[in-house]
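Peer 1: pasting the sequence and the predicted model now:
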Amino acid sequence: MTMNLRKIFNASSDTAVFFFLLFTILPFLILSAYVHPSWDDFDYSEMAVKHGFFHSQYLWYETWSGRYFSTAVLSSINPLVFRSIAGYKIITLIFILLFIYSVYYLVTNIALDKISRKQKLICTLSFCYLFFYGMPTVNLGLFWLASAVIYQFANIMMIVLAALFIKFLLIEKEKISYSLIASICLLIFAIEGSNEVSMLVTTIFFLIYFIGDFVTTRKINKYLLIFAAVAVVSCCLVYFAPGNNYRLTKSPESHQLIFSLKNSASDLFKFILYRIYNLPLLIFTVLFISFYYKLISDKKPDEIKIITNPVYSVSMYLLLLFSGIFVSYWSLGTYTPYRTLNVIYFIFLTGWFANIILTINYLYAKGKIKIRLIPEYAFVILCIAVLISFLKETNSIKTAYRDLFSGKAEKFDAQLNERYKNIYSNNSDTVKIDSLKQIPDSFFYYDIGSDPEGKYNKLQSEYFNKKFIIKPK
């Protein structure tokens with residue numbers, strides 16, 4: 001009887017945790033129905049419409065950016081190229097769902113068949129909750145397509161890359177398929193062509209991993225060499241792009257080594273200190289340590305395949321975070337932009353849990369660890385603590401719900417739909433529009449101004465096939 005009650009309680013606890021986590025993700029999915037294009041979204045679409053896909057890639061690469069992959073995506077699957085606002089909302093939703101699915105795919109590759117589907121979903125939603133909760137700027141990360149493609153899509157690909165790389169490390173050498181190697185290479189190429197932070201982090205990771213493996217084994221792993229070579233070549237394609245060099249000339253404060261090193265180290269220390277002092281992260285860390293130890297506790301120490309000294313993995317972790325911050329100081333001569341901080345936070349979060357796994361693996365394989373498992377009821381108590389913290393603190397999830405329940409998101413959507421309707425129905429070449437009464441805090445939206453020659457005014461005028469679109473002073 002006692003055993004049956006315990007099973008019922010455990011099942012109920014899992015269900016309660018699952019729905020709480022789902023509750024934290026849901027508002028972002030709903031908000032995608034109210035989002036609208038802004039700023040660079042129109043820039044990428046109008047460049048593609050005006051010059052065609054291939055010539056627009058040439059222009060971006062030669063005159064502004066070496067990001068060959070993200071510009072290609074924004075010039076092709078951007079719904080604005082096809083004049084579809086509804087498509088913009090749909091692709092925003094797709095990117096959020098892709099992120100959730102990619103995390104689930106990674107969890108599946110780590111856990112294999114050791115845990116149930118519900119437990120995999122709980123792990124997935126836990127990570128997504130921590131990411132959305134602590135994301136420096138959700139509006140730039142999720143609800144602005146240009147930024148989502150350049151940065152968030154790179155995060156998604158990095159998750160899939162991690163899952164495939166884990167599969168590569170676990171599989172027997174003779175069973176490694178060419179399709180797996182090709183997939184990893186293509187992901188490296190795509191990630192590095194998306195943004196500079198992801199580019200540098202990916203290049204450093206595969207270079208150091210290859211060098212570390214060679215020093216340890218005294219043999220050249222041809223696959224690791226291929227990965228490192230693809231990473232380096234892709235990095236060079238971005239860094240030495242004519243457009244990238246031209247953009248750097250616009251930042252006279254760039255390329256100051258001592259300044260960049262000093263400020264990057266200072267910012268990294270502050271970033272880690274601020275992020276560690278976070279109750280949800282600490283609670284989920286405790287839960288994860290117990291959960292992962294339980295996952296491997298039925299294995300023999302010599303069955304652990306991925307073993308790395310924590311000193312090396314933590315050093316790599318800090319180096320990757322440092323390099324992500326260093327990029328902005330070196331290339332722009334200024335602090336890391338908020339949209340880039342989203343990527344650094346993603347690296348921080350994934351690296352945090354990766355190091356927990358690697359540390360437990362190492363200590364377990366050496367026979368130096370024995371963790372007392374947390375009882376099931378403690379999970380519920382800890383989750384209640386997370387809920388209390390969630391309710392008390394200002395965070396992106398509460399902001400998202402406030403935008404929904406206050407009607408701000410719906411009114412924003414209605415105002416812009418009415419604006420589009422008036423623009424299309426107006427036969428004049430010059431259209432005057434009303435100011436927006438409110439913009440949801442969860443969204444990034446840069447409205448046009450009163451200057452008809454302003455860049456954003458001109459981009460929207462081209463999009464709507466008008467000579468001028470202006471907002472009265």
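Peer 2: Right, received. Where do you want to start? Here the structure is a predicted model, which means the values were calculated and not measured. Numbering: from 1, shown residues only.

Peer 1: now for the nearest residue to residue 221 once chain neighbours are set aside, how many residues are close by?
Peer 2: Across the structure, with Cβ to Cβ, 6 or more residues apart in numbering as the measure, the residue nearest residue 221 apart from its sequence neighbours is residue 213 (5.5 Å). Bear in mind the C-beta positions are built from the backbone N, C-alpha and C, glycine included. For residue 213, the count of nearby residues is 17 (other Cβ atoms under 10 Å).

Peer 1: check the one 4 residues further on too.
Peer 2: Counted by other Cβ under 10 Å, the residues lying close to residue 217 total 9.

Peer 1: rewinding a little: list the contacts of the host helix or strand of the residue nearest to residue 221.
Peer 2: Element membership of residue 213 [criterion: DSSP states H and E] is helix 196-217. Residues external to helix 196-217 that are found in contact with it (Cβ atoms under 8 Å, 6 or more residues apart in numbering): 67, 151, 154-155, 158, 161, 188, 191-193, 220-221, 224-225, 227-228, 230-232, 234-235, 238-239, 312, 316, 319-320, 323-324, 326-327, 331, 340, 343-344, 347.

Peer 1: state the mean pLDDT of it.
Peer 2: Confidence for helix 196-217, expressed as mean pLDDT, is 94.

Peer 1: helices or strands next to the next helix or strand after it in the packing?
Peer 2: Following the chain from helix 196-217 toward its C-terminal end, the next helix or strand by DSSP H and E is helix 222-239. Using 3 or more Cβ pairs under 8 Å, 6 or more residues apart in numbering; DSSP states H and E as the contact criterion, the neighbours of helix 222-239 among helices and strands are helix 178-192, helix 196-217.

Peer 1: between the ones you listed, which gets nearest to residue 277?
Peer 2: Shortest distance between residue 277 and the helices and strands packed on helix 222-239, using Cβ to Cβ, is found for helix 196-217: 23.6 Å.

Peer 1: which stretches of the stretch 1-150 of the chain form strands?
Peer 2: Shown for the stretch 1-150 of the chain, no strands are assigned by DSSP state E, counting those that start in this stretch.

Peer 1: got it, and the stretch 351-473 of the chain?
Peer 2: In the stretch 351-473 of the chain, strands defined by DSSP E, counting those that start in this stretch lie at 430-432, 468-470, listed in chain order.

Peer 1: any idea which of these is most buried?
Peer 2: Ranked by average neighbour count under the criterion mean count of other Cβ atoms under 10 Å, those are headed by strand 468-470 at a mean of 20.

Peer 1: that one pairs with which strands?
Peer 2: Taking DSSP bridges as the criterion, strand 468-470 forms sheet pairs with strand 430-432 (parallel).

Peer 1: which intervals of the stretch 251-400 of the chain have sub-threshold pLDDT?
Peer 2: Applying pLDDT under 70 to the stretch 251-400 of the chain picks out residues 251-254, 371-383, 385-393.

Peer 1: from residue 288, how far out is residue 117?
Peer 2: The spacing between residue 117 and residue 288, counted by Cβ to Cβ, to the nearest Å, is 18 Å.

Peer 1: between these two, who's got more neighbours?
Peer 2: In this view residue 117 and residue 288 are compared by other Cβ under 10 Å, and residue 288 has more residues nearby, 19 against 9.

Peer 1: was I right about that one contacting residue 356?
Peer 2: Yes: under the criterion of Cβ atoms under 8 Å, residue 288 lies in contact with residue 356, with a separation of 6.2 Å.

Peer 1: what is the burial count for residue 219?
Peer 2: When neighbours are counted by other Cβ under 10 Å, residue 219 registers 8.

Peer 1: name the nearest residue to residue 168, ignoring sequence neighbours.
Peer 2: The shortest distance from residue 168 to any non-neighbouring residue, by Cβ to Cβ, 6+ apart, is to residue 180 (6.1 Å).

Peer 1: next, count neighbours for residue 279.
Peer 2: Applying the criterion other Cβ under 10 Å, we find 14 residues in the vicinity of residue 279.

Peer 1: what residues are up against the nearest residue to residue 150 once chain neighbours are set aside?
Peer 2: Ranked by Cβ to Cβ, 6+ apart and with sequence neighbours excluded, the top spatial neighbour of residue 150 is residue 70, at 4.4 Å. Residue 70 makes contact with 149-150, 153-154, 193-195 under the criterion Cβ under 8 Å, 6+ apart.

Peer 1: any of these buried? List them.
Peer 2: Those of the contacts of residue 70 that meet the buried threshold are 149-150, 153-154, 193-195, by 16 or more other Cβ atoms under 10 Å.

Peer 1: closest one of these to residue 335?
Peer 2: When the buried ones among the contacts of residue 70 are compared for distance to residue 335, the smallest value, 16.6 Å, is given by residue 195; criterion: Cβ to Cβ.

Peer 1: and that closest one, how close does it get to residue 118?
Peer 2: Between residue 195 and residue 118 the distance, using Cβ to Cβ, works out to 35 Å.

Peer 1: with residue 286 instead?
Peer 2: Taking Cβ to Cβ as the measure, residue 286 falls 20 Å from residue 118.

Peer 1: go on, residue 239?
Peer 2: For residue 239, the distance to residue 118 - Cβ to Cβ - is 45 Å.
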